[in-house]
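Student: Sequence and predicted structure, then a few things I'm wondering about:
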Amino acid sequence: MIELMNTLRLIPLIFLHLSLTLLAKAENPPNVVIIYTDDQGYADIGVQGAEGYTTPNIDKMASEGTRFTDFYVASAVCSASRAALMTGCYPPRVGIKGALGPSRTGLNLEEETIAEVLKKKNYATAMFGKWHLGDHPSLLPTKQGFDQYLGLPYSNDMWPENKFNPNWPPLPLIEGDKIIVPYVTGEIQATLTTRYAEGAVDFITAHKDKPFFLYVAPSMPHVPLYVSEKFKGKTEQGTYGDVIAEIDWAVGEILAALKENGLDDNTLVVFASDNGPWTVFGNHAGSTGPLREAKGTSWEGGIRVPCVMRWPGTIPAGRVSAEPICTIDLLPTIAKLVGAPLPERKIDGKDIGPILRGEKGAKNPHEYLAFYYGNNNLEALRSGKWKLVFPHRYRVVTSVGNDGNRGKYGSKNSGLELYDLETDPSETTNLADKEPETVEKLQAMADEIRSELGDGLTKTKGSETRPAARVK
């Protein structure tokens, strides 16, 4: 009887504790940090096979969080990939394809970015690095939900010093919406990774008492490669290894700033790359490990990238997940985490919170993931363990360049090809003839997405595409 009475006395205290816990979570919504490198290959982190250099900070992040071995970008090229990350949409839905050069085209201001979604919950927002979704002043990050911006408006090879195409205009470094360096030189490029990291650390420190979203998009390891003096010549691999070592250092600086400011347990950190490596550049490019082909293709080496997510106490430590997920899923997942409404316009991503938290039986909520490239060509589709490749022409490296020199491309034609990615991630054995029912099922899925977003390969016009911004 006494034990029962003691238990009954504890019940109000238990409810009070739960109420205070829920109140604290409501008052302290999680911070979000996304680190999105440029052209870093699947095997370019230590825990996935890096050779000639180490990535101790990213590896530690994996030991303290979860490594996702089947993490995809929506397209194997810069602007299309970044549009998908920012909007939660397949690139054709928002009218972005390829890699935008200096132009008056960019992400439509009517699309909502992750930053704009989080602004609805009073988040402070900042971006440091490569934007590549419009370089006109009206299309820069500060017009797409970011309070602060420092970085390059597009790829670091789009400049007059490009020996393969020197007809680019001067490459600017932009802060806010103002050009602070009108002509970026190689010497300045060598400072960028450190500049971005220092800006990120300052932002974290300045906003430690308010929820924030931080997007860090290093210009490296996209060629041409530049590295600061403190990392030059530090790895066995050479310049590429030095560049990755500096990126890893930057990751460590950001994680240390979170810990020093007491934000470690209340911050989701995502590390990934925008597409596979640019292997035509030989030793100035990364590695896809066992995966087929590389950047600029919809084979696994082009669209499957390294990904680690860390959030102590929420994301399981030391876990490896092979559940296929995609960059389009980050926006709806983050919105759900912070209680923000989704964009009014239709998006393609889905909440993958249960997968991140390692909940038992959590599965990819998509029936399929679609991969577009080139002129809005639907080149492949993944559903569960199966990947169906549609007939298309793709580029292959016929010779590699070294030390900053570019090799040569040729091309090949694929057929209608089916691969079991659980047993054959290298895409070596076409099972289309042996699995006609699976092919038919995935073809029906492809017809569904074609009806919405179109397909340049089949000359299908989609009914639900939206235009990019074009400044007159």
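Tutor: Good, I have the coordinates.

Student: all contacts plus neighbour counts: C-alpha atoms, from now on.
Tutor: Will do.

Student: I'd say residue 111 and residue 86 touch.
Tutor: No: Residue 111 sits out of contact with residue 86 when judged by C-alpha atoms under 8 Å, with a separation of 9.3 Å.

Student: Contacts only, for residue 158.
Tutor: 101-102, 168-169, 171 (C-alpha atoms under 8 Å, 6 or more residues apart in numbering).

Student: before we move on, what about residue 226?
Tutor: 186, 189-190, 220, 239, 243.

Student: Residue 389 versus that one, what's the distance?
Tutor: When distance is defined by C-alpha to C-alpha, to the nearest Å, residue 226 is 36 Å away from residue 389.

Student: Only the buried subset of the contacts of residue 226, as a ChimeraX command please.
Tutor: Typed into ChimeraX, the line below selects the buried ones among those, using 16 or more other C-alpha atoms under 10 Å:
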select :189,190,220,239,243
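
Student: want to throw the contacts of residue 226 into a markdown table with secondary structure?
Tutor: Formatted as a markdown table, the contacts of residue 226 follow (DSSP: H, G, I helix; E, B strand; the rest coil):
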| residue | secondary structure |
| --- | --- |
| 186 | helix |
| 189 | helix |
| 190 | coil |
| 220 | coil |
| 239 | helix |
| 243 | helix |
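
Student: if we can go back for a sec, ok, and the most crowded of the contacts of residue 158?
Tutor: residue 171 (23 neighbours; other C-alpha atoms under 10 Å).

Student: Could you look up the SS state of that one?
Tutor: For residue 171, the assignment made with three-state DSSP gives coil.

Student: Enumerate every residue touching it.
Tutor: Contacts of residue 171 by C-alpha under 8 Å, 6+ apart are 152, 156, 158-160, 182-184.

Student: Going through those residues, which ones are buried?
Tutor: 152, 156, 158-160, 184.

Student: Tell me which two in those are the farthest apart.
Tutor: Within the buried ones among the contacts of residue 171, two members stand farthest from each other by C-alpha to C-alpha: 152 and 160, at 14.6 Å.

Student: which residues of the stretch 101-250 of the chain fall in helices?
Tutor: 114-119, 186-189, 192-206, 239-260 (DSSP state H, counting those that start in this stretch).

Student: mind giving me the domain ranges of the protein?
Tutor: What automatic domain parsing lists as the domains of the chain is 29-356, 369-470.

Student: I'd like those as a markdown table, with mean pLDDT and distance to residue 363 appended.
Tutor: A markdown table is the format used below for the domains of the chain (pLDDT from 0 to 100; distance: least, C-alpha to C-alpha, whole Å):
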| stretch | mean pLDDT | distance to residue 363 |
| --- | --- | --- |
| domain 29-356 | 98 | 7 |
| domain 369-470 | 98 | 9 |
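
Student: Wait, residue 152 touches residue 130, no?
Tutor: Yes: here residue 152 reaches residue 130: they are 4.9 Å apart, a contact under C-alpha under 8 Å.

Student: Determine the residues that are contacts of both of the two.
Tutor: residue 219.

Student: For the residue nearest to residue 367 when sequence neighbours are not counted, give me its contacts.
Tutor: Sequence neighbours aside, residue 383 is the residue nearest to residue 367 in space, at 6.1 Å (criterion: C-alpha to C-alpha, 6 or more residues apart in numbering). In this structure, residue 383 makes contact with 366-369, 442, judged by C-alpha under 8 Å, 6+ apart.

Student: Ok, residue 196 next?
Tutor: 128-129, 150-151, 216, 218.

Student: Can you read off the pLDDT for residue 1?
Tutor: We have a pLDDT of 53 for residue 1.
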